[in-house]
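S.K.: give me a model of this one.
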Amino acid sequence: MAKYLIVYGHGQGDPGAGGNGYTERDFTRNTLGTHLEKYAKQLTKNTVDFYDKSKNMYTQTQAGRGAYTVASSYSSITELHLDASSSSSSTGGHVIVKKGFSADKNDLAIAQVVNKYVGWWGSVKGTKGISYRSDLLNLNVFASRGLSYRLVELGFITNKTDVSKLVKNIDAVAKELIEAITGEKLKGSAAAPKPSTPKPSKPKPTTPAKKLKGEDLPNKGYYKVGVATNIRSGASTSSAIVGLYNKGQGFNYDSKKIANGYVWLSYISYSGVRRYVAVV
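M.R.: Residues are numbered from 1 along each chain as shown. This is a model prediction of the structure:
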């Protein structure tokens, strides 16, 4: 009987990207997670464990735990995320595996589930939904340990249609992901898709939109981070992580922008490259 591990992205104070009424942390753990856990219990030939939902594996790995301490007995580790973009038209998902490795049958099966419900992100259409990278911490640690790992971008949380399709078919998405991860076919059918049009309801009085953290900051100045915060190559949680500010460290920034549910502060690094830091 093979064992598999599913990891929900972000958490532990980090909500991940946000859009269309959801955050990555809550969508993977609550909207999708309850269905995944239901189907995991129905497996008879394999078992699926779930990484501690109160933890952020990335943060744990940075601290020398996380990916470093996951049991080597797992056949594979699957980390679930949603992508984000400053453009609401960006759409589709993909499966990220270590550059230099070959996608296995489970990677390809997961990519097919993604394609079925939201389609493939543009740049991976020629590689069967697989993106090969070497700039992600958990990806590199698991590769160094010889453990099979993939990060799944289920779609764009900033795309209304992607989110709507996932939510409408959430039970089927969960069932098919469990089957793709384990290779075990489950009995029965998934719940019918949710109606795409909600029941009419009385209009509710509008309330002002909640301000994002950092919206009131000046357009340039000095900022000290309140929690450990990633430095990225672009104003997106899917952009490459190039560094880290620990709690209490600060930096001068020359511009501010709002994208993907965050306020981003930006500056030119000593190497002459523009960097971005989310206000979290």
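S.K.: buried residues, stretch 233-251. List them.
M.R.: Residues of stretch 233-251 classed as buried: 234-239, 245 (neighbour count, 16 or more other C-beta atoms under 10 Å). For every residue, glycine as well, the C-beta is placed using N, CA and C.
S.K.: can you count the residues close to Lys105?
M.R.: Using other C-beta atoms under 10 Å, Lys105 has 9 neighbouring residues.
S.K.: residue contacts, it?
M.R.: Gly183 (C-beta atoms under 8 Å, 6 or more residues apart in numbering).
S.K.: and the gap between it and Gln62?
M.R.: Here the criterion is C-beta to C-beta, to the nearest Å. By it, Lys105 lies 31 Å from Gln62.
S.K.: tell me which residues touch the residue lying closest to Tyr149 once chain neighbours are set aside, please.
M.R.: Counting by C-beta to C-beta, 6 or more residues apart in numbering, the nearest residue to Tyr149 once its immediate chain neighbours are dropped is Phe142, at 3.6 Å. Going by C-beta under 8 Å, 6+ apart, Phe142 touches 67, 70, 77, 98, 148-149.
S.K.: how about low-confidence regions in this protein?
M.R.: Along the chain, segments meeting pLDDT under 70 span 195-210.
S.K.: spatially central residue in it, please.
M.R.: Nearest to the mean C-alpha position of the chain, by C-alpha atoms, centre = their mean, lies His81 at 1.7 Å.
S.K.: dump the helix or strand harbouring that residue to PDB, restricted to CA.
M.R.: Per DSSP states H and E: His81 is located in strand 76-83. The C-alpha coordinates for strand 76-83 follow below in PDB (Å, rounded to 0.1, in the frame of the first residue of the first chain):
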ATOM      1  CA  SER A  76       5.000  11.500  -3.800                       C
ATOM      2  CA  ILE A  77       4.300  14.900  -2.400                       C
ATOM      3  CA  THR A  78       1.800  17.200  -4.100                       C
ATOM      4  CA  GLU A  79       1.600  20.900  -3.100                       C
ATOM      5  CA  LEU A  80      -1.600  22.800  -4.100                       C
ATOM      6  CA  HIS A  81      -1.700  26.500  -5.100                       C
ATOM      7  CA  LEU A  82      -3.600  28.900  -7.300                       C
ATOM      8  CA  ASP A  83      -1.800  31.300  -9.600                       C
END
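S.K.: from the contact counts, what lies against that strand?
M.R.: If you count contacts as 3 or more C-beta pairs under 8 Å, 6 or more residues apart in numbering; DSSP states H and E, strand 76-83 packs onto strand 2-8, strand 149-156.
S.K.: hey, which of those strands is tucked in deepest?
M.R.: strand 149-156 (a mean of 26; mean count of other C-beta atoms under 10 Å).
S.K.: name every strand pairing with that strand and say which way it goes.
M.R.: strand 76-83 (parallel), strand 94-98 (antiparallel) (DSSP bridges).
S.K.: quick check, distance from the first one to the centre of its chain.
M.R.: Right, strand 76-83. 6 Å (C-alpha atoms, centre = their mean, to the nearest Å).
S.K.: again, but for the shortest one
M.R.: A distance of 12 Å separates the C-alpha centroid of strand 94-98 from that of its chain, computed with C-alpha atoms, centre = their mean.
S.K.: reformat the helices and strands packed on strand 76-83 as CSV; add distance to Thr182.
M.R.: Formatted as CSV, these follow (distance: least, C-beta to C-beta, whole Å):
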stretch, distance to Thr182
strand 2-8, 6
strand 149-156, 14
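S.K.: hmm, Ser72 is touching Leu147, no?
M.R.: Yes: Ser72 is within contact range of Leu147, at 6.4 Å (criterion: C-beta atoms under 8 Å).
S.K.: show me which of these two is the more surrounded one.
M.R.: Of the pair Ser72 and Leu147, Leu147 is the one with more neighbours under other C-beta under 10 Å, namely 18 against 7.
S.K.: hmm, Thr69 and that one touching each other?
M.R.: No: look at Leu147 against Thr69 with C-beta under 8 Å: they stay out of range, at 11.7 Å.
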